[in-house]
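A.B. asks: Need coordinates for the following:
(one chain, ligands or ions: 1)
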Amino acid sequence: MNTLNDSNGLFITFEGVEGAGKTTNIEYIAEKIKASGHEILLTREPGGTELSEAIRELLISKEYPEMHITTELLLMFAARSEHLNKKIIPAINEGKWVLCDRFTDATFAYQGGGRGIPETTISTLETLVQGTLKPDYTFLFDLNAEVGLARAKNRGETDRFEQQHIDFFNRVRAKYLVMAETEKHRYRIVNAEHDLSTVQIQISQLLTEIL
Ligand code: T5A
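C.D. replies: Modelled structure (predicted):
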């Protein structure tokens with residue numbers, strides 16, 4: 001794995017169930033950070049490099065509804081390994097603030113909480129792919145899973161994950177909340193159920209603290 005140098009780069013991730021508003025708000029957050037003088041890299045998981053985006057297509061495609069959960073887990077980490085080594089770590093080492101729409105906490109929430117893969121299995125892969133690297137901050141866009149799913153479905157075409165039963169998303173949300181409680185120093189919770197302007201007021205307050 002590529003290693004981090006002692007640059008002023010920062011790694012911030014954005015998490016939450018489907019339709020929580022991560023993609024909508026990440027640009028807003030990027031503008032605020034840029035205005036304070038930092039260089040930004042905006043990216044996402046699964047994806048972020050040409051190969052990782054190709055893996056993303058396999059993961060979200062409805063052509064593979066019966067994908068085995070271990071295959072899904074390994075593909076998530078295969079995409080992540082490429083993304084981390086080719087894009088995330090080099091950018092942090094150049095002093096950039098990397099803003100990533102989802103990262104390994106999504107694996108703990110979806111493949112762990114949602115699919116029931118043991119946490120120790122996910123942690124083993126996390127260590128293999130990331131060593132000790134973790135995000136500096138994680139914004140959790142928290143909302144009732146049913147509200148989020150309805151927002152995502154309103155947007156049109158759904159992907160393979162969005163076909164899951166609501167119980168799956170309730171477990172995903174519950175796992176995120178456990179992680180936020182366990183890692184309070186890293187997590188910042190945004191109540192994403194409010195209208196967009198109220199959500200952005202909360203984001204501004206949280207960013208002021210970080211900046
Ligand atoms: N996955 C990912 C795993 O299972 N394991 C992993 O390790 C990783 C990395 C793709 C899938 O992969 C899974 C999780 C996902 O199922 P993704 O591309 O991040 O990951 O897909 P989604 O989370 O499905 O992305 P969404 O676009 O659905 O969610 P967002 O980004 O949180 O929501 P956003 O911003 O697109 O908003 C959705 C809609 O709601 C509206 C927006 O305008 C938009 O129409 N909206 C609001 N409406 C009212 N009030 C607000 N406050 C609103 N905020 C946004």
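A.B. asks: Contacts only, for His61.
C.D. replies: Check again: residue 61 is Ser, not His. Shown in contact with Ser61 (C-beta atoms under 8 Å, 6 or more residues apart in numbering): Asp159, Arg160. Where C-beta positions appear, they are placed from N, C-alpha and C, glycine not excepted.
A.B. asks: Please report how far it lies from Glu72.
C.D. replies: In this view, Ser61 and Glu72 are 12 Å apart by C-beta to C-beta, to the nearest Å.
A.B. asks: For the ligand, see how far away Ala30 is.
C.D. replies: According to C-beta to the nearest ligand atom, to the nearest Å, Ala30 and the ligand sit 14 Å apart.
A.B. asks: Neighbours of the closest residue to that residue other than its chain neighbours, how many?
C.D. replies: Once flanking residues are discounted, Ala30 sits nearest to Ile40: 5.0 Å by C-beta to C-beta, 6 or more residues apart in numbering. When neighbours are defined as other C-beta atoms under 10 Å, Ile40 has 18 of them.
A.B. asks: again, but for Asn5
C.D. replies: Asn5, neighbours per other C-beta under 10 Å, totals 11.
A.B. asks: Return the set of buried residues in the helix ranked longest in the chain.
C.D. replies: Ranked by residue count under DSSP state H, the longest helix found in the chain is helix 166-182. Residues Phe168, Phe169, Asn170, Arg171, Val172, Arg173, Lys175, Tyr176, Leu177, Met179, Ala180 are the ones in helix 166-182 that count as buried (16 or more other C-beta atoms under 10 Å).
A.B. asks: Show me the helices in this protein, by range?
C.D. replies: Secondary structure of the chain (DSSP H): helices at 22-35, 50-60, 69-83, 89-93, 104-106, 119-130, 145-154, 166-182, 196-210.
A.B. asks: what's the spacing between Asp136 and Ile210?
C.D. replies: Note on Asp136: its distance to Ile210, by C-beta to C-beta, is 9 Å.
A.B. asks: just Arg56 next, same as before
C.D. replies: Applying C-beta to C-beta, the value for Arg56 to Ile210 is 28 Å.
A.B. asks: Not counting its neighbours along the chain, what's nearest the residue nearest the centre of the chain?
C.D. replies: The residue lying closest to the centre of the chain (C-alpha atoms, centre = their mean) is Arg102, at 1.1 Å. For Arg102, ignoring the flanking residues on the chain, the nearest one in space by C-beta to C-beta, 6+ apart is Glu45 at 4.5 Å.
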